[in-house]
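>>> Output the structure for:
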Amino acid sequence: MKRTVFTAILVAVVLVTVTSSLTFSQETNKENQRSAEQELLKLEKEWYDAFLRTDTDAMNRIEADDFIVITGMTEAPVTKERQLANIRARSESMRKPMGSMTRSLDQVTIRTYDNVAIVNGVQTQTAPDDIGGTRSRKSLYT
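A predicted model of the protein is given here:
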């Protein structure tokens, strides 16, 4: 009888310990994921700000070597090297309005797959227009 009670208590302690460890592990994983998501959004904002400022050194540091750009304005994916060359070639008359643009992200979803993350959302770009006002454009963003 004593042995059965002792065994039952031991099993209960082990279950509580394992359950607590799993809960702590899951909470830690969620905290780590939230932290990684915040870091990713911070890095994404840093990249876009560098794009607007024509800061190709920052963009080169942030982008992976196999980075590509796909937009509705290009016929084929644009390599990192080509993209940075295009940005470096911006005329001064183009750089000024780019520096005045702003952008916000809404409805952001971040999905992670091992060491890969995909950010989707709706971006709103606002820029000066030719008559002294501003114009905004919304588009889907990945």
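>>> how about the strands of the chain, start to end?
Ranges of strands within the chain are 68-69, 78-79, 102-113, 116-128, 134-141, based on DSSP state E.
>>> Please identify the deepest-packed of those.
Mean neighbour counts were compared across those using mean count of other C-beta atoms under 10 Å; the top stretch is strand 78-79, at a mean of 16. For the C-beta atoms, the positions are set from N, CA and C on the backbone; glycine is no exception.
>>> returning to that earlier point: could I get the strands of the chain as JSON lines with mean pLDDT?
As requested, the strands of the chain are exported to JSON lines (pLDDT from 0 to 100):
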{"stretch": "strand 68-69", "mean pLDDT": "87"}
{"stretch": "strand 78-79", "mean pLDDT": "92"}
{"stretch": "strand 102-113", "mean pLDDT": "86"}
{"stretch": "strand 116-128", "mean pLDDT": "87"}
{"stretch": "strand 134-141", "mean pLDDT": "87"}
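>>> out of these, nearest to Q38?
strand 102-113 (9.6 Å; C-beta to C-beta).
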